[in-house]
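> sequence plus predicted model, see below.
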Amino acid sequence: MAEALLGGLRAAGAPAESLVAADVDAARRERLHQLFGVHTTDDNAQLVECSDVVVLAVKPSVVPAVLEQLAGHRELTRPLWISIAAGVPLAKLEAELPEGARVIRSMPNTPALVRAGATAFCANAAANEDDRAAAQELFEGVGTCWEAPQEELLDAVTGLSGSGPAYVFAFLEALTDAGEAEGLPRATASELAYQTVYGAALLAKESPRNPADLRRQVSSPGGTTVAGLAALDAADFHEAVHRAVRAATKRAGELGRGE
């Protein structure tokens, strides 16, 4: 996710010299430098000292250890802290930072790499209007952004858009496999599947009609689409998507509780 965000910011025009990436893995640092031209370091304290905004882009289980290593550093209340760690609540982040730290919890997704991400965020009480605007600008640089009115909604965001790209990739894989099974060359089935999903999503986003109306519009009685949709209904496709989002949402909450 860190790589997706860095790539999206660079693609959006953020100069390399305005970005710094910290990682304990030397090979990872070299990869980030080669890919995006950004300065890298293995010193988190150094990164905090030179940054106005610090993005915590680590696994949820690693967040406490990373922040504990910075304990007592004099610069911790100066920058705005933005966490993209799935499920980690504001209260846990605040507990590891000095009182008064401005913290934003967010949930972006990997299409940020191509500036087509979907992000939601929620700020703590210490964060001001300028901080929220900075977060909005950061994430709108790599896609769309929504400020959630309650932090609890971010687990559902994680289940839907945070994990959602993987659901779409799974659908693309299945669609491609199905096309090949029906006799299409693999490359052709893949290209048709990608363009179909891309075009359908773009049409749904730009059309004044909702997806249900668009679906009905192309479902002629007795036609091919109706036959295909009937097969999806028989496999409980709609409920399967519900279960996927529900399971990911539940897991986000578990991660936030350290489970």
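On my side now, so go ahead.
> nearest spatial neighbour of residue 158, skipping sequence neighbours?
Once flanking residues are discounted, residue 158 sits nearest to residue 252: 3.9 Å by CB to CB, 6 or more residues apart in numbering. C-beta: built from backbone N, CA, C; applies to glycine.
> tell me if that neighbour really is in a helix.
Yes: under DSSP: H, G, I helix; E, B strand; the rest coil, residue 252 sits within a helix.
> contacting residues for it?
Contacts here follow CB atoms under 8 Å, 6 or more residues apart in numbering; on that basis residue 252 touches 86, 87, 154, 155, 158, 159, 162.
> any chance of those residues in TSV, plus distance to residue 98, neighbour count and secondary structure?
As requested, the contacts of residue 252 are arranged in TSV below (distance: CB to CB, whole Å; neighbours: other CB atoms under 10 Å; DSSP: H, G, I helix; E, B strand; the rest coil):
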residue	distance to residue 98	neighbour count	secondary structure
86	24	22	coil
87	23	23	coil
154	23	26	helix
155	26	23	helix
158	27	24	helix
159	32	22	helix
162	28	27	helix
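> for residue 162, see how far away the residue nearest to residue 158 is.
Distance, residue 252 to residue 162, using CB to CB, to the nearest Å: 8 Å.
> check which helix or strand residue 145 maps to.
Using DSSP states H and E, residue 145 sits in strand 143-147.
> which of the residues in that strand are buried?
143, 145, 146, 147 (16 or more other CB atoms under 10 Å).
> do stretch 188-197 as well
Judged by neighbour count using 16+ other CB under 10 Å, the buried positions of stretch 188-197 are 189, 190, 193.
> wait, the last one touches residue 175, no?
Right, the one you point to is residue 193. Yes: between residue 193 and residue 175 there is a contact under CB atoms under 8 Å: 4.1 Å.
> and the strands in the stretch 151-259 of the chain, which stretches?
With DSSP state E, counting those that start in this stretch as the criterion, the stretch 151-259 of the chain has no strands.
> low-confidence ranges in the stretch 51-200 of the chain?
Nowhere does the stretch 51-200 of the chain drop to pLDDT under 70.
> coming back round to it: the contacts of residue 252 into CSV, with extra columns for distance to residue 236?
Below are those laid out as CSV (distance: CB to CB, whole Å):
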residue, distance to residue 236
86, 27
87, 28
154, 28
155, 24
158, 23
159, 18
162, 24
